[in-house]
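Participant: Provide a 3D model corresponding to the input given below.
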Amino acid sequence: SVCRDFLEPSTASVIHSHLELRPDCLSFDLSNACLGMMNAINVAGQMILSGSIESALIVTGENATPLITKTIETLLADESLTRKSIKKYFANFTIGSAGVALVISKKQEGHPHFINSISLSDTKAHTLCQGSGGMDGLVMETDSEELMLRGVELAKKNWNQFCKLSNKSDWDHYICHQVGIHHQMHLYKELKMNIEKDYSSFKTYGN
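Facilitator: From the prediction side, this is the model:
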């Protein structure tokens, strides 16, 4: 996850200790903003396929409170804010708190299984959303409009390659990154995907 109780040791080591796992059970943190969980599934899947492990427990937990609290404090203290300058803080209020635990293991008949994945990066866009700070107060600034445009452009390339790899373009469910309903609708339109198959949780849980 992005949110952590401390910088060292790894959060994984704390979970490993609480679960009283064997010393030879590998544990490590993997952090990559909103993609961390998907990256972890991919890494675990590759490790299973290589034979280095048989199963993996993947856990994550995000705490939005420090970021939202710090953002409010920053905005209230800055009397020079304008309609334009405040926009870079809007994305901070879309961040939510959540936790997930997932076990991935060798393929078993009758169980859901991991088929394909593909990933593309546009790291030249790394300046469009940046966060920093300590455990008790995070700060993040985002160029939301440009990030959406660059993100959808990259998503198109990634989606086309994924469909080609999978030899399939229509699926039962789509689960989109829920950064905002406007962004999501724009993405589905640009990718020409069936929004009726969207499996989002906006109405129940928000982002």
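Participant: which residues in the protein form strands?
Facilitator: 55-62, 98-105, 129-134, 137-142 (DSSP state E).
Participant: Now do the contacts for the residue most central in space within the chain.
Facilitator: For the chain, the residue nearest the mean C-alpha position is residue 34 (1.9 Å; Cα atoms, centre = their mean). Contacts for residue 34 (Cβ atoms under 8 Å, 6 or more residues apart in numbering) come out as 177, 179. All C-beta atoms are positioned from the backbone trio N, CA, C, and that covers glycine.
Participant: mind exporting stretch 17-25 as CSV, just the C-alpha atoms?
Facilitator: C-alpha atoms of stretch 17-25 as CSV (Å, rounded to 0.1, in the frame of the first residue of the first chain):
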residue,chain,number,x,y,z
SER,A,17,5.0,-11.9,13.0
HIS,A,18,1.3,-11.6,13.9
LEU,A,19,0.4,-14.7,11.8
GLU,A,20,3.3,-16.6,13.4
LEU,A,21,4.5,-17.8,10.0
ARG,A,22,7.6,-20.0,9.6
PRO,A,23,11.0,-18.2,9.3
ASP,A,24,11.5,-19.6,5.8
CYS,A,25,8.2,-17.9,4.6
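Participant: out of the strands of the chain, nearest to residue 90?
Facilitator: Smallest distance to residue 90 across those (Cβ to Cβ): 7.4 Å, for strand 137-142.
Participant: Buried residues, the closest one. List them.
Facilitator: 138, 139, 140, 141, 142 (16 or more other Cβ atoms under 10 Å).
Participant: Give me the distance between the spatially closest residue to residue 181 that is not a sequence neighbour and residue 176.
Facilitator: Setting aside the residues directly before and after it, residue 181 is nearest to residue 202 in space (Cβ to Cβ, 6 or more residues apart in numbering), at 6.1 Å. Here residue 202 is placed at a distance of 10 Å from residue 176 (Cβ to Cβ, to the nearest Å).
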